[in-house]
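Trainee: Got a predicted structure here, sequence first:
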Amino acid sequence: MTIIATGDQTPIPLARLVVVEVRKMFTTRSGSWLMMSIGITALIGTAATIAFAPEESLTYFMFATAIGYPMAFTLPIIAMLSVTSEWSQRSGLVTFVQVPRQGRVMASKALAAGVVGVAAMLVAFVIGAVGHLVGTAVAGVDAVWDVSVGHGALIVLGNLLSMATGYMLGVLLRSSAASVVAYFVYVLIVPGLLALLGELRPGVADIQGWMDFNVAQVPVFEGAMTGETWAQLAVSSIGWLLIPLAIGLTRVRRSEVI
C-alpha cells in the first residue's frame, strides 16, 4: 500500500493520485495477477489464431478479436477491484485519511482505470499486428489490415465502457466477491434473459438495443456505429451505468470506511 504524506493542508494534485492508483493496480496481488493474465491470454489468443484459424481468416481483425475478447472480461474486474479493495482489504482506512475527500479518490480511480484500459488496448493492437504478420508469413498469404483507425478507436471505447461497468459495480456494491458475481450475471445471464424475453414477445426484440446496454455495445466493437446505435448506447447507459454509478458515488461520499 502506497502512502501519500500530505504534510500541510494543500490538496494533493489529482494527477498524483492517478499515478498512485495506477501503481496500486500493478503492485497489489490481485492486480498483478490480472495484469499478467492479460499478457498471457494475448499470447495464447495469438498463438491459437495462427495454429487453428483458416488461411482466409488470418486478418488483423481476427487477431484483434482473439486478443480483445478475454481482455474485455479482465479489464472490468481490474477497475472493479481497484475500488472494492478499499473496503475488502481495509486499505481505505489509510486512503481516506490521506485524502479525506472521497470524490477525488473515486475520480482518480476512474481515471487510472481509463489509463490502464487504453494502455492495455494499445499493447493488444501491437501484439495483434505482430501475430498477424507472423501468421500470414507462416501461411504464405497476404496480410489483411481490416481495422481502420476509427474502428480501432471504437474498440478502445467499447473496452472503456466495459471498464466503466466494472467500476460502477465496485462503487455500488463495495465488495469484491459481490461485484465479481454481479458482473458475470450482468454480462452472461442478463443478456440471455432479455434475448429470451425478446423471443417470447417480438415487440421487445425491436427495442432491445434501447434497453440492453450489452446489445447496444455490440456495434461499438464491430465498428458499425450509426446515429441510431449511438442513441441506443446513450439511452441504455442511463439505466445500466449512469444511474447506478450516481447512486454508488452518493453512498460512498456519505459513508465511512470501517
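Mentor: In hand now; what should we look at?
Trainee: Please count neighbours and contacts with C-alpha atoms only from this point.
Mentor: Noted.
Trainee: Please name the residues that touch the closest residue in space to Arg251 that isn't next to it in sequence.
Mentor: Leaving aside its sequence neighbours, Arg251 sits nearest to Leu172 (Cα to Cα, 6 or more residues apart in numbering; 7.8 Å). With contact set as Cα atoms under 8 Å, 6 or more residues apart in numbering, Leu172 has these partners: Pro244, Leu245, Ile247, Gly248, Leu249, Arg251.
Trainee: What separation do you get for Leu172 and Arg101?
Mentor: 18 Å (Cα to Cα, to the nearest Å).
Trainee: circling back: where's the residue nearest to Arg251, which helix or strand?
Mentor: Per DSSP states H and E: Leu172 is located in helix 149-173.
Trainee: before we move on, what about Val19?
Mentor: helix 14-27.
Trainee: what's that helix packed up against?
Mentor: Using 3 or more Cα pairs under 8 Å, 6 or more residues apart in numbering; DSSP states H and E, the elements in contact with helix 14-27 are helix 29-52, helix 60-88, helix 102-139.
Trainee: Tell me the buried residues in it?
Mentor: Residues Leu17, Val18, Val20, Glu21, Val22, Lys24, Met25, Phe26 are the ones in helix 14-27 that count as buried (16 or more other Cα atoms under 10 Å).
Trainee: now do stretch 66-85
Mentor: For stretch 66-85, by 16+ other Cα under 10 Å, it's 66-68, 71-85.
Trainee: Stretch 171-183 too?
Mentor: By neighbour count on 16+ other Cα under 10 Å, the buried set for stretch 171-183 is Val171, Leu172, Leu173, Arg174, Ser175, Ser176, Ser179, Val180, Ala182, Tyr183.
Trainee: Alpha carbons of it, as PDB, please.
Mentor: This file holds the C-alpha atoms of stretch 171-183, laid out as PDB (Å, rounded to 0.1, in the frame of the first residue of the first chain):
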ATOM      1  CA  VAL A 171     -18.600   1.600  -6.400                       C
ATOM      2  CA  LEU A 172     -22.200   0.400  -6.000                       C
ATOM      3  CA  LEU A 173     -21.500  -2.800  -4.000                       C
ATOM      4  CA  ARG A 174     -18.100  -2.100  -2.400                       C
ATOM      5  CA  SER A 175     -17.500  -5.900  -2.100                       C
ATOM      6  CA  SER A 176     -15.100  -7.800  -4.300                       C
ATOM      7  CA  ALA A 177     -17.000 -11.000  -4.200                       C
ATOM      8  CA  ALA A 178     -20.400  -9.400  -4.700                       C
ATOM      9  CA  SER A 179     -19.100  -7.200  -7.500                       C
ATOM     10  CA  VAL A 180     -17.500 -10.100  -9.400                       C
ATOM     11  CA  VAL A 181     -20.600 -12.200  -9.200                       C
ATOM     12  CA  ALA A 182     -22.800  -9.300 -10.200                       C
ATOM     13  CA  TYR A 183     -20.500  -8.600 -13.200                       C
END
